[in-house]
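> For reference, the sequence and a predicted model appear below.
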Amino acid sequence: MLEDVVKIDVQKDILDALFTMFTAHQYILPVFSESKFVGILGMSHYARVLQDLQRKPESIHISEIMDSKITSVSPTADVKQVMDKLCERGVYGIPVTSGHDFLGIIRRQDLLKNFLHLIKGRFKVMDVMSYHITTSSIHDPIESVVKKAVVGGARRIVILNYDKVEGIITFKDLVNILLAEKVDLSQMSVKDILTPNQLTISKLDDAKKAGDMMLEWDVGGVPVVDKTLEGIVRDKDLIQRIRLLL
Amino acid sequence: MAKKVLIVDDEPSVAKAVKMILDADGFETRAVFGGEDCLKTLEKEKFDLVLLDIMMPKITGWQVFEEIKKKHPEQKVAFLTVIKYSTTVKEKLEKEGLSGCITKPFENEELVNRVKSITSK
């Protein structure tokens, strides 16, 4: 569990939240009103802001987009229960609370760090990977990528340059649009927000290797490539397998 | 004495291009290709300016900036960004201690002038 958590005040705006997330490198923020824990702000909550780019991020309060229906776990919760909640809700982290007290956040990477060794030698990437992938070309207008994420609900969009993987775009990348002087999506390209990362894995590799790569490179998914793109292995896929072994 | 600039960009071609432009104008430069190398270099050497790419894998420019602020609070840092930041964002960054933002791509002269302006302050 991450105990040294950076928190944010509910009165702050979206720009404050983005600065906090980027500088603290913490992509899920507990939101507080005075000393009361009132909500959670994760990257996917920015979908609403990305849908209406006419509004400036500094004019939007955190309370407008945060999730105030908090699902939390107790410090004594069974780790299997935590894994189920993380995977079912499709979130990156869950707050740990004791009564009304906020104690910390348990994130997918915390679970991987602690339990990844359990799957060593037990699964190949092909046993755990997802064959459903959303892709875009590096030459595509950014508008189509935003649409795939915001309207289509794609969490990860693999960016291709013909057959070659150039990187993955997630909400972490998309929110960079909100920092721009003029948010004109027709004038922006995928290259403007993509952090090039040609990290890939083979479907014949040990699944643990995928988890090691995720932890080392701080990513939640690795494209599976054997000559061409075949799928993606996500932290969620690994956690679900680990769950079965506990 | 020549002003010293540390260039940090995960794309070696960009880092080398920036280095060439600044070297040609009399700056003393070093190029590194990631946040970890930047922080290691700053432990050993002093620079008048760190030109820092924002979008890097593993450790982003934002994180590197935070680390620099903690360990070398006097160090001048400018962001190299592809997106042209809004005035509000730039003001906020300056408040956080950033010395400037340089938007890529840039003309050689523009880059040199911005670096001269920041290092002479």
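Here it is on my side, so go on. Residues are numbered from 1 along each chain as shown, chains lettered A, B, ... in the order given.

> From here on, just use CA atoms for contacts and neighbour counts.
Noted.

> What sits closest to the closest residue to chain B within chain A if chain neighbours are left out?
Of all residues in chain A, the one sitting closest to chain B is residue A:181 (3.6 Å; Cα to the nearest Cα). The spatial neighbour of residue A:181 that comes closest, neighbours along the chain excluded (Cα to Cα, 6 or more residues apart in numbering or on different chains), is residue B:86 at 3.6 Å.

> who's in contact with the one you found?
A:179, A:180, A:181, A:182 (Cα atoms under 8 Å, 6 or more residues apart in numbering or on different chains).

> at 7 Å what do you get?
A:179, A:180, A:181 (Cα atoms under 7 Å, 6 or more residues apart in numbering or on different chains).

> ranking the residues you listed by neighbours, who comes first?
residue A:179 (22 neighbours; other Cα atoms under 10 Å in any protein chain shown).

> For residue A:58, see how far away that residue is.
According to Cα to Cα, to the nearest Å, residue A:179 and residue A:58 sit 10 Å apart.

> what do you get for residue A:159?
30 Å.

> again with residue A:94
27 Å.

> and the two? which has more neighbours close in?
More crowded of residue A:94 and residue A:58, by other Cα under 10 Å: residue A:94, with 24 against 17.

> quick check, that one in a strand?
Yes. Per DSSP: H, G, I helix; E, B strand; the rest coil, residue A:94 lies within a strand segment.

> hang on, isn't it packed against residue A:107?
Yes. Between residue A:94 and residue A:107 a contact is recorded at 6.5 Å, counting by Cα atoms under 7 Å.

> mind listing what's buried in the helix or strand harbouring residue A:85?
Following DSSP states H and E, one finds residue A:85 within helix A:79-89. Using 16 or more other Cα atoms under 10 Å in any protein chain shown as the burial criterion, the residues of helix A:79-89 that qualify are A:80, A:82, A:83, A:85, A:86, A:87.

> do the same with stretch B:30-47
Quick answer for stretch B:30-47 (16+ other Cα under 10 Å): B:30, B:31, B:32, B:33, B:34, B:35, B:38, B:39, B:42, B:47.

> Mind putting the residues you listed into JSON lines with pLDDT, secondary structure and distance to chain A?
Converted to JSON lines, the buried residues of stretch B:30-47 look like this (pLDDT from 0 to 100; DSSP: H, G, I helix; E, B strand; the rest coil; distance: Cα to the nearest Cα, whole Å):
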{"residue": "B:30", "pLDDT": "97", "secondary structure": "strand", "distance to chain A": "22"}
{"residue": "B:31", "pLDDT": "97", "secondary structure": "strand", "distance to chain A": "18"}
{"residue": "B:32", "pLDDT": "96", "secondary structure": "strand", "distance to chain A": "16"}
{"residue": "B:33", "pLDDT": "94", "secondary structure": "coil", "distance to chain A": "13"}
{"residue": "B:34", "pLDDT": "93", "secondary structure": "coil", "distance to chain A": "12"}
{"residue": "B:35", "pLDDT": "94", "secondary structure": "helix", "distance to chain A": "12"}
{"residue": "B:38", "pLDDT": "97", "secondary structure": "helix", "distance to chain A": "16"}
{"residue": "B:39", "pLDDT": "97", "secondary structure": "helix", "distance to chain A": "15"}
{"residue": "B:42", "pLDDT": "97", "secondary structure": "helix", "distance to chain A": "19"}
{"residue": "B:47", "pLDDT": "97", "secondary structure": "coil", "distance to chain A": "22"}
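
> gap between the residue nearest the centre of chain B and chain A?
Closest residue to the average C-alpha location of chain B: residue B:51 at 0.9 Å, with Cα atoms, centre = their mean. For residue B:51, the distance to chain A (Cα to the nearest Cα, to the nearest Å) stands at 17 Å.

> Who are the contact partners of that residue?
Residue B:51 touches B:6, B:7, B:8, B:77, B:78, B:79, B:80, counting by Cα under 7 Å, 6+ apart.

> Out of the residues you listed, the closest to chain A would be?
Using Cα to the nearest Cα, residue B:80 is the member of those that sits closest to chain A, with 12.1 Å.

> Now residue B:80. Nearest residue, chain neighbours left out?
That would be residue B:53: by Cα to Cα, 6+ apart, it lies 4.6 Å from residue B:80.
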